[in-house]
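Peer 1: Got a predicted structure here, sequence first:
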Amino acid sequence: MRPLVRFACLALFALVSACAQKAAPPPPPPPPVAQAKPAPPRPTAPAAPAIPQVAPAGSTVVGIVLPLSGPSATIGNAMLNAAQMALFELASPNLTLLPFDSAGTPEGAAEGVRQAIAQHADIIVGPVFAAEARTVSPIAESAHVPLLSLSADQSVAGRGTYVMGFLPGPQALRAAQYAASQGKSRQAILAPSNEYGRRVVAAVTNGLAGSGVTLGPVEYYDPSALDLAGPFKRLLVNRQGDDAGFDALLLPDDGQRLRRAGEQWAAQGVPPDRVTLLGTMLWDDAKPGEIPSLSGGWYAAAPSAGFAEFAKRYGKAFGGQPPRLASLAYDATAIAAVLGKQSGHDFSAGILTNPQGFAGVDGLFRLNLDGTITRAYAVKEVIPNGQPKEIAPAAKSFEG
């Protein structure tokens, strides 16, 4: 395996595909973290959204389509800040980042992508929301411009569109597989009856097949309802005393629904040491330590260290804490910056889908030929009234 090329918060594996064995060796690696350029100075006042400019002739052009105005302007401008950080830290002088405002609407995103294509973008980062991604994907495909969508809408993946978001199915499977490794061989799922819940159930069902884990029962609930008495009754149909009939229960939800599910689970009277509750990254935003029934539960999440370092640099440059999803814009722009430095205008599938992957702010990941993303997730344990503790690290490579 070739050595890992390290740069700031994103490290890039040597990009040599099996079908290009005679390709020239890659250029010297960028400087390691300790030698990276300092972050840009913190502005004295919030900057206005950047205005698109014409890229210099011959430069590698990265278009980025974000909600720089409208209801989602806060996250859009934070993502633009993160993208500019990546450009400042990693890019060569002949790479140009052109921002376009989607205003958070499919129509705005479509116009932004068309403008990026008109200005000869070699690759496009964004947009952020699923409805936007569904609208712009065919536009980018028809122009043969790869798109790094920042959404988690797996339905748009493929045909030159790559999904950078955190897909729910692999998170749930990581938690389920870790539970199995800890002797939790009988597992159940209680999921919302929406696209998120269905993808979770499909991923766990397929991923655990043939593993020796008994999966079932699986129940769904109306995500608009807070009374889960019926679903819990069906889950516990095979209960015998303190034995619920399963050793682990996956609850892939967040917010008030997760809190309510936890309360109603506790009301079933199953001893906490008999069933471990499992979750996805949605738990990260739910302050799980404040939900007593989730104490000791396990959930999959991106490793914490990379984002913590990214947040420090972001704070020094722009002030404040970046929103959690800002790292997606950093990593996507960093991919474009480093690949542009190495291969100029070539963002073909063979380059973007290097099987060794990338190590970014949110840990190891790789883009797949079908447009999906494979991420290496850590497992965290819920600590009562405290911050979750990382109990199983994310993988450092995709080998093995």
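Peer 2: Looks like it arrived, so ask away.
Peer 1: Need the pLDDT of the residue most central in space within the chain.
Peer 2: Nearest to the geometric centre of the chain sits Phe166, at 2.8 Å (CA atoms, centre = their mean). pLDDT recorded at Phe166 is 97.
Peer 1: again with Ala8
Peer 2: As predicted, Ala8 sits at a pLDDT of 37.
Peer 1: and what of the one 10 residues further on?
Peer 2: At Ala18, the pLDDT value in this model is 31.
Peer 1: One more: Glu309?
Peer 2: 97.
Peer 1: got it, and Ser343?
Peer 2: 87.
Peer 1: Could you do the one 5 residues further on as well?
Peer 2: According to the predicted model, the pLDDT of Ser348 comes to 96.
Peer 1: who's in contact with it?
Peer 2: By CB atoms under 8 Å, 6 or more residues apart in numbering, the residues touching Ser348 are Pro146. Using the backbone N, CA and C atoms, a C-beta is placed for each residue, glycine as well.
Peer 1: Equivalent analysis for Phe398, please.
Peer 2: Pro355, Gln356, Gly357, Leu364, Arg366, Thr374, Ala376 are the contacts of Phe398 under CB under 8 Å, 6+ apart.
Peer 1: Present those residues as JSON lines; the columns should include pLDDT, distance to Ala78 and neighbour count.
Peer 2: Output for these, formatted as JSON lines (pLDDT from 0 to 100; distance: CB to CB, whole Å; neighbours: other CB atoms under 10 Å):
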{"residue": "Pro355", "pLDDT": "93", "distance to Ala78": "32", "neighbour count": "14"}
{"residue": "Gln356", "pLDDT": "93", "distance to Ala78": "30", "neighbour count": "19"}
{"residue": "Gly357", "pLDDT": "94", "distance to Ala78": "25", "neighbour count": "23"}
{"residue": "Leu364", "pLDDT": "97", "distance to Ala78": "24", "neighbour count": "23"}
{"residue": "Arg366", "pLDDT": "97", "distance to Ala78": "25", "neighbour count": "19"}
{"residue": "Thr374", "pLDDT": "97", "distance to Ala78": "26", "neighbour count": "14"}
{"residue": "Ala376", "pLDDT": "98", "distance to Ala78": "25", "neighbour count": "21"}
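Peer 1: Go through these and name the one nearest Ser295.
Peer 2: Closest approach to Ser295 among the contacts of Phe398 (CB to CB): Ala376, at 26.1 Å.
Peer 1: Tell me the secondary structure of the residue nearest to the centre of the chain, please.
Peer 2: coil (DSSP: H, G, I helix; E, B strand; the rest coil).
Peer 1: Let me know whether it touches Arg375 as I believe.
Peer 2: Yes. In this structure, Phe166 is within contact of Arg375 by CB atoms under 8 Å, at 7.0 Å.
Peer 1: joint contacts of those two?
Peer 2: Joint contacts of Phe166 and Arg375 (CB under 8 Å, 6+ apart) are Ala302, Asp362.
Peer 1: where's the residue nearest to the centre of the chain relative to Tyr196, distance?
Peer 2: Taking CB to CB, to the nearest Å as the measure, Phe166 falls 11 Å from Tyr196.
Peer 1: Kindly report the same for Leu226.
Peer 2: Distance of Leu226 to Tyr196, given as CB to CB: 17 Å.
Peer 1: before we move on, the earlier item: in strands, which of the contacts of Phe398 appear?
Peer 2: Leu364, Arg366, Thr374 (DSSP state E).
Peer 1: quick check, nearest of these to Val145?
Peer 2: Nearest to Val145 among the ones in strands among the contacts of Phe398: Arg366, at 20.8 Å, using CB to CB.
Peer 1: what's the nearest residue to the closest one if we skip its chain neighbours?
Peer 2: With sequence-adjacent residues excluded and distances taken as CB to CB, 6 or more residues apart in numbering, Arg366 is closest to Gly357, at 3.2 Å.
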